[in-house]
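>>> need the 3D shape of this:
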Amino acid sequence: MSTPKPFERLADFLPYQLSIASNAVSTRIAEQYRKRFALKTSEWRVMAVLGDSGALSQRALSQATLMDKVPVNRACSALEKRGLIARSPNEQDGRSHLLDLTAEGRAVHAGIMPLALKIEAELFSVLSDAERAAMRDMLARVRDNAGEFDAESLADG
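Numbering: from 1, shown residues only. As a prediction, the model looks like this:
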């Protein structure tokens, strides 16, 4: 078994390649929901998480999206102004509020999901079903190995 060579160029650095691939995929999808639904990436991420999980606090949204609290706050404010999410008191914590999709927000979410899945199918059509499954598994293992951290630390990086 040979020892892997240290990367000699940034383009050979696996975390860099992962970041570039992620940005390319995200940008491709973001173009579509920006054109059709006038949503920024951070706004869609908040909507997607709320669509999956239901009502959450802004802190929980920051943790779920791995975004700093400032962009989450901006996204929530914009979505609330558009009537796509609504704020309600958090019965378990009187200091925070819960955010959830409104009926209009659920309709937008439902409209975006087929589009996102279609783009996913196009982008990953270069991989076999087995390769896609292996990629999902590898990404999950790498993410788990990265450990837990506070989303606020992302503001420094």
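>>> give me the distance between Arg34 and Gly111.
14 Å (CB to CB, to the nearest Å). Bear in mind the C-beta positions are built from the backbone N, C-alpha and C, glycine included.
>>> mind checking which of those two has more residues around it?
Arg34 (15 against 12; other CB atoms under 10 Å).
>>> residues in contact with that one?
Lys40 (CB atoms under 8 Å, 6 or more residues apart in numbering).
>>> that one - that's part of a helix, no?
Yes - under DSSP: H, G, I helix; E, B strand; the rest coil, Arg34 falls within a helix.
>>> what segments of the chain are strands?
85-89, 97-101 (DSSP state E).
>>> tell me the buried residues in the lowest-mean-pLDDT helix or strand in the chain?
One helix or strand of the chain scores below all others by mean pLDDT, DSSP states H and E: helix 14-37, with a mean of 88. The neighbour-count check on helix 14-37 (16 or more other CB atoms under 10 Å) flags Ile29, Ala30, Tyr33, Phe37 as buried.
>>> can you check stretch 81-91 too?
Applying 16+ other CB under 10 Å to stretch 81-91 flags Arg82, Leu84, Ile85, Ala86 as buried.
>>> got these as CSV, with pLDDT and distance to Val70 columns?
Below are the buried residues of stretch 81-91 laid out as CSV (pLDDT from 0 to 100; distance: CB to CB, whole Å):
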residue, pLDDT, distance to Val70
Arg82, 97, 19
Leu84, 98, 19
Ile85, 98, 17
Ala86, 97, 21
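>>> nearest to Gly105, of those?
Among the buried residues of stretch 81-91, Leu84 lies closest to Gly105 (CB to CB), at 3.7 Å.
>>> with adjacent residues omitted, what lies nearest to the closest one?
Ranked by CB to CB, 6 or more residues apart in numbering and with sequence neighbours excluded, the top spatial neighbour of Leu84 is Gly105, at 3.7 Å.
>>> how about Ala116?
Looking at Ala116 with CB to CB, 6+ apart, the closest residue is Ile29, at 5.6 Å.
>>> same check, this time on Phe37
Nearest to Phe37 is Val108, by CB to CB, 6+ apart, at 5.7 Å.
>>> relative to Gln92, how far out is the one you found?
Applying CB to CB to Val108 and Gln92 gives a distance of 28 Å.
>>> one more: Ser57?
9 Å.
>>> can you check Asn73 too?
21 Å.
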